[in-house]
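*Asks:* sequence and predicted model, in that order:
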Amino acid sequence: MAALLRLENVSKRFGGIVALNQVNMEIQYGEFVGIVGPNGSGKTTLFNVINGVYFPDEGRVLFEDRDISRLPTHRRASIGLGRTFQIPRPFASATVRENVAVGAMFGSRGKETNVNESMLVAESIIERMGLSRHRDKKAELLTPVEKKLMEIARALAMKPKLLLMDEAMAGMHPGEIDRLVELLGGVAAEEEVAIVAMVEHVMRAVVGMAQKIIVLHQGEKICDAPAQEALNDPKVIECYLGYTPEEAS
């Protein structure tokens, strides 16, 4: 079976700055992947290229073997590519249920889902995310963590095949992270949703969630391996700590 997502020699430049340099990667159906790298490594640019915010200067982005390199963001949503953002962007005056229903209306099921059906989808996902008691609350009244959970719920309502999560667990305490990792693991297994999570500092989430880890450094992919193998890779350690394990001993 072909990969769900494949990047072929993708490069992206901003003036003289090379944000991504000849990046190749594959994401399989239902796979949990952590994207790791220090600030400025190219993680956000990578998400933006996959999501359609930016088009690559070189290379191709393939989704289910279809070249989507020049496909607008809203078109990518309709074929099953969802995303959450580091800073949630709710419709502040709308309720939690209405916010989540928007995902059902404009995601991959949007053409076949009316408003009432979208509300039912939202109810189901809100309950799964543990937000039922907030369903009729305006989004602007939620705590920062509740807004993050609502944004994940809205993305899941889109019925994505691939979900990009941008620092979704930042600011959560360990218990919340563990619960969310377990919940997302269930979603990935039951609905075969591939989840790619961008992580900077919440290594608990990486170890608990990722089947493999892709590490970026200065716009280049320096590691693409199973989670524990990647975290023990000398290149990865040097990238984060600034010295090799041999120098530390």
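*Replies:* In hand now; what should we look at? As the structure is a computational prediction, the values presented were derived from the model and not from experiment.
*Asks:* wait, doesn't Ala77 sit right on Gly107?
*Replies:* Yes - checked against CB atoms under 8 Å, the pair Ala77 and Gly107 is within contact range at 5.8 Å. No exception for glycine: its C-beta is placed from N, CA and C like everyone else's.
*Asks:* what is in contact with these two at once?
*Replies:* Met158 (CB atoms under 8 Å, 6 or more residues apart in numbering).
*Asks:* name the residue in those two with the higher neighbour count.
*Replies:* The residue with more neighbours, out of Ala77 and Gly107, is Gly107; 25 against 21, by other CB atoms under 10 Å.
*Asks:* for the more buried one, give me its contacts.
*Replies:* Ala77, Ser78, Gly80, Gly82, Ala157, Met158, Lys159, Pro160.
*Asks:* thought the fifth one was touching Ala122?
*Replies:* So the one you mean is Ala157. Yes - applying CB under 8 Å, one finds Ala157 in contact with Ala122, separated by 5.9 Å.
*Asks:* which residues do those two both contact?
*Replies:* Val100, Ala101, Gly103, Ala104.
*Asks:* contacts only, for Arg60.
*Replies:* Leu7, Glu8, Asn9, Val10, Asp67, Ser69.
*Asks:* drop anything exposed from the residues you listed.
*Replies:* In the contacts of Arg60, burial by neighbour count holds for Leu7, Glu8, Val10, Ser69, counting by 16 or more other CB atoms under 10 Å.
*Asks:* low-confidence stretches in this protein?
*Replies:* 1, 108-112, 200-208, 240-249 (pLDDT under 70).
*Asks:* break it into its domains for me.
*Replies:* 1-80+160-249, 89-159 (automatic domain parsing).
*Asks:* what distance separates the start and the end of the last one?
*Replies:* Just to be clear, that refers to domain 89-159. 19 Å (CA to CA, to the nearest Å).
*Asks:* where's Ser76 relative to Gln218, distance?
*Replies:* For the record, residue 76 is Arg, not Ser. 27 Å (CB to CB, to the nearest Å).
*Asks:* neighbour-wise, which of these two wins?
*Replies:* Neighbours per residue (other CB under 10 Å) separate Arg76 from Gln218, with Arg76 holding more: 21 against 14.
*Asks:* hmm, Val53 and that one touching each other?
*Replies:* No - using CB under 8 Å as the test, Arg76 is too far from Val53 to be in contact (9.9 Å).
*Asks:* distance of Phe47 relative to Asp224?
*Replies:* Distance from Phe47 to Asp224, by CB to CB: 16 Å.
*Asks:* the two: who's more crowded?
*Replies:* Phe47 (20 against 15).
*Asks:* can you get me a residue count around the closest residue to that one other than its chain neighbours?
*Replies:* Once flanking residues are discounted, Phe47 sits nearest to Leu164: 5.3 Å by CB to CB, 6 or more residues apart in numbering. Look at Leu164: counted by other CB under 10 Å, it has 26 neighbours.
*Asks:* who touches the helix or strand encompassing Leu164?
*Replies:* Assigned by DSSP states H and E, Leu164 belongs to strand 162-166. Contacts with strand 162-166, where a contact means CB under 8 Å, 6+ apart, come from 4-5, 27, 44, 47, 50-51, 63, 80-86, 152, 155-156, 193-198.
*Asks:* at 7 Å instead, please
*Replies:* Contacts to strand 162-166, defined as CB atoms under 7 Å, 6 or more residues apart in numbering, come from residues 4-5, 27, 47, 50-51, 80-86, 155, 193-198.
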